[in-house]
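*Asks:* Below are the sequence and a predicted model; questions follow.
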Amino acid sequence: MEWKNLQLKMEENGLWILTMSRPQALNALNRETILELEQAIHFLQEKPTMEARALILTGSGEKAFVAGADIKEMISLEAEEARLFAEKGQRVFRQLEMLRLPVIAAVNGFALGGGLELALSCDFIYASDNAKFGLPEVSLGLMPGFGGCVRLSRVVGLNKAREMAMTGEMIAAGEASQISLVQKVLPAAELLPFAIKTAKSLMTRGPRAVASVKRVVLDGYDIDIDGALALESSSFSQLFQFKDSREGMTAFIEKRKAQFNGN
Ligand code: CAA
């Protein structure tokens, strides 16, 4: 499929790279881009399991992952339109977060406002050493609208989230790594190769198993511990219905590599 503001390409069988691409605006998210993102997510969601095993999300160019929502478009919004805009962005980011396949954010520069919110909707974040993270909306007289207040505190804790969102100050990749917002910092040239290597490693695992882990970690995070444990045991037991779990355990016993096929 062809889009104007992003490219989705299959790197190899089952491994997809989605590149946000509006270089004239540091890949800022206008309404059209958010719609295209929704279509790309839907496209991957509809693929058979073995044809969509991992996704890497990155930005075009060397300067930005995504520099936020498009300020030049937002300036003309009335309050009701702004509510619809925020709700749309939140819905699409939630769809990304809920995709059954693992999603790695490869943050190659500025991840500000909606850009940080987009990265926070991925399963984990790798960053280039020139990356910068922040929620600068308060400097525009605004606040985050695509889940930033909600997800950042869950990842880095209340006080750091409050500090970042209330001051609007950016942090560098090194600090982002220290607070566990970023899982690995790499020289820019090594970022995508490293994300691809991790994605390939994820693709050697049982796809249903990876999807179940993703869902249980996410859904179990916000509920009471007994409910979360029940969710885990139920998901654990369901995997025993599928051939891939037999294959994985048999391969271990036979001292060979498992050949998963999504069944
Ligand atoms: N929206 C629209 N255009 C943007 C943009 C954005 N978020 N960010 C950058 N651009 C445009 C600039 O206007 C500029 O275009 P022109 O050449 O036509 O003037 C071009 O991209 C290059 O940007 P700069 O010249 O500003 O580049 P720089 O290196 O000097 O600065 C930057 C880089 C620090 C990222 C700076 O561009 C910046 O501060 N951008 C805005 C960041 C921001 O405030 N993001 C939050 C947006 S609000 C939001 O996201 C709300 C939400 O949660 C839903």
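*Replies:* Done, it's in. Numbering: from 1, shown residues only.

*Asks:* surely residue 90 meets residue 147?
*Replies:* Yes - counting by C-beta atoms under 8 Å, residue 90 does reach residue 147; the two are 5.5 Å apart. Quick note: C-beta positions are derived from backbone N, CA and C, even for glycine.

*Asks:* Between the two, which is the more surrounded one?
*Replies:* residue 147 (21 against 16; other C-beta atoms under 10 Å).

*Asks:* so who does the closest residue to the more buried one other than its chain neighbours touch?
*Replies:* For residue 147, the nearest residue in space outside its immediate sequence neighbours is residue 117; the separation is 5.1 Å by C-beta to C-beta, 6 or more residues apart in numbering. Residue 117 sits next to 89, 93, 135, 144, 146, 147, 148, 151 when contact means C-beta atoms under 8 Å, 6 or more residues apart in numbering.

*Asks:* Give the burial count for the fifth one, as a bare number.
*Replies:* It refers to residue 146. A total of 29 residues lie near residue 146 under the criterion other C-beta under 10 Å.

*Asks:* Test my guess that it contacts residue 68.
*Replies:* No - applying C-beta under 8 Å as the test, residue 146 and residue 68 come out as separate, 9.1 Å apart.

*Asks:* Quickly list the domain ranges of the protein.
*Replies:* What the record gives for the chain is the domain set 6-202, 207-253, from automatic domain parsing.

*Asks:* want to throw those domains into CSV with mean pLDDT?
*Replies:* Below are those laid out as CSV (pLDDT from 0 to 100):
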stretch, mean pLDDT
domain 6-202, 98
domain 207-253, 97
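
*Asks:* Find the centremost residue of this structure, please.
*Replies:* If you average the C-alpha coordinates of the chain and look for the closest C-alpha using C-alpha atoms, centre = their mean, you land on residue 122, 1.5 Å from that point.

*Asks:* so where does that one fall, helix or strand?
*Replies:* Residue 122 is part of no helix or strand, with elements assigned from DSSP states H and E.

*Asks:* still on that earlier bit, secondary structure element for the residue nearest to residue 147, which one?
*Replies:* helix 114-120.

*Asks:* residues touching residue 33, list them.
*Replies:* Neighbours of residue 33 in contact, by C-beta under 8 Å, 6+ apart: 5, 6, 20, 22, 70.

*Asks:* rerun at 7 Å
*Replies:* Under the criterion of C-beta atoms under 7 Å, 6 or more residues apart in numbering, the contact partners of residue 33 comprise 5, 6, 22.

*Asks:* And for residue 96?
*Replies:* By C-beta under 7 Å, 6+ apart, the residues touching residue 96 are 41, 103, 121.

*Asks:* Likewise for residue 164?
*Replies:* 134, 135, 152, 171 are the contacts of residue 164 under C-beta under 7 Å, 6+ apart.
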